[in-house]
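Chemist: Sequence and predicted structure below; questions after.
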Amino acid sequence: MRSGAMDEQYADECRQALAREQARSLSETDDWGHVDRDRVHRDWDVLYKELATHLDGSLPEDRHIQELVHRHFEIACRFYTPSREAYAGMALFYAENGPMREFHNSYHPRMVDFLGEAMRVYARQGAGFPS
């Protein structure tokens, strides 16, 4: 399913899962006080620069892209381990929040759309998500 084809009811469930899980995690971890945010931002910067070199000529479901998305998921898990729905909700947040869209697209003009679809593929595959 391409990002434009995501069922709106499921998209709303994903948005709600992200909001609910992040709120719970923030309250349980003193606003993610355990996270080395500088390190997270450096690691995402390295990852996004690498991913940007693969956007032209790759598909979101390609194995090498999914390996990069797995790294993205592992970095996100430094905050908390999101459900499949919350991870898909994160992709929607990147696309729907102006500053987040601008930030991600600063690496490549198609980063948000490509990464979002790759994240949804990763979520559908289900590896690493809580039951």
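Modeler: Structure's in. What do you need?
Chemist: make it CA atoms for all contacts and neighbour counts henceforth
Modeler: Will do.
Chemist: Check which element follows the strand or helix carrying residue 102 along the chain.
Modeler: Using DSSP states H and E, residue 102 sits within helix 98-105. Note on helix 98-105: by DSSP H and E, the next helix or strand toward the C-terminus is helix 111-125.
Chemist: At which residues are the helices of this structure located?
Modeler: 8-28, 37-52, 63-76, 84-96, 98-105, 111-125 (DSSP state H).
Chemist: Reformat the ones you listed as JSON lines; add mean neighbour count.
Modeler: Formatted as JSON lines, the entries for the helices of the chain read as follows, by neighbours: other CA atoms under 10 Å:
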{"stretch": "helix 8-28", "mean neighbour count": "15"}
{"stretch": "helix 37-52", "mean neighbour count": "14"}
{"stretch": "helix 63-76", "mean neighbour count": "17"}
{"stretch": "helix 84-96", "mean neighbour count": "22"}
{"stretch": "helix 98-105", "mean neighbour count": "15"}
{"stretch": "helix 111-125", "mean neighbour count": "22"}
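Chemist: With mean pLDDT added, can I get those in a markdown table?
Modeler: Formatted as a markdown table, the helices of the chain follow (pLDDT from 0 to 100):
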| stretch | mean pLDDT |
| --- | --- |
| helix 8-28 | 93 |
| helix 37-52 | 96 |
| helix 63-76 | 96 |
| helix 84-96 | 96 |
| helix 98-105 | 97 |
| helix 111-125 | 95 |
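Chemist: related to what we said a few turns ago, for the helix holding residue 102, packing partners?
Modeler: On a contact count with 3 or more CA pairs under 8 Å, 6 or more residues apart in numbering; DSSP states H and E, helix 98-105 meets helix 84-96, helix 111-125.
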